[in-house]
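J.: Build me a model:
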Amino acid sequence: MENKIYNFSEINYKILKKIADFEQVRNQDIFEKWFNFKYEIDKSDEEFLALLIKANRYNLGFYTEFQLQLHFISPI
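T.: Residues are numbered from 1 along each chain as shown. This is a model prediction of the structure:
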């Protein structure tokens, strides 16, 4: 079998089914710790995120994956 490298943006469901064998998990107990964890966000982090949202609020819905990463995710 030939190893092929895919970019994340190229992957679709058909390709994913071909390269991986996934089973649907119906038991969500494995996520219980994540969903019930009591996160505390530092005030400075909250202010930073608010400024980041404010600076990008008009473009978030229109950014490409790369632009979203560049302007919003990378600064975090």
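
J.: what does the worst-scoring helix or strand of the chain on mean pLDDT contact?
T.: None of the helices or strands of the chain scores lower by mean pLDDT, DSSP states H and E than helix 13-19, at a mean of 85. Helix 13-19 is contacted by residues 4, 6, 22 when judged by Cβ atoms under 8 Å, 6 or more residues apart in numbering. C-beta coordinates here come from the backbone N, C-alpha and C atoms, glycine included.

J.: any idea of the mean pLDDT in the helix or strand following it?
T.: From helix 13-19 onward toward the C-terminus, using DSSP states H and E, the following helix or strand is helix 32-36. Across helix 32-36, the average pLDDT comes to 88.

J.: How about helix 32-36, which residues are buried there?
T.: For helix 32-36, the neighbour count (16 or more other Cβ atoms under 10 Å) marks no residue as buried.

J.: Buried ones in the next helix or strand after that helix, by neighbour count?
T.: Using DSSP H and E, the helix or strand that follows helix 32-36 towards the C-terminus is helix 43-56. Buried residues in helix 43-56, counted by 16+ other Cβ under 10 Å: none are found.

J.: for helix 43-56, packing partners?
T.: Here helix 43-56 touches no other helix or strand, going by 3 or more Cβ pairs under 8 Å, 6 or more residues apart in numbering; DSSP states H and E.

J.: Can you pull the phi/psi pair for the residue most central in space within the chain?
T.: Nearest to the geometric centre of the chain sits Ile73, at 9.0 Å (Cα atoms, centre = their mean). Dihedral pair for Ile73: phi -80, psi -50, per degrees, to the nearest 10.

J.: and Leu68, how many neighbours does it have?
T.: Other residues near Leu68 come to 16 when the count uses other Cβ atoms under 10 Å.

J.: One more: the one 3 residues further on?
T.: The burial count assigned to His71 is 15, neighbours taken as other Cβ under 10 Å.
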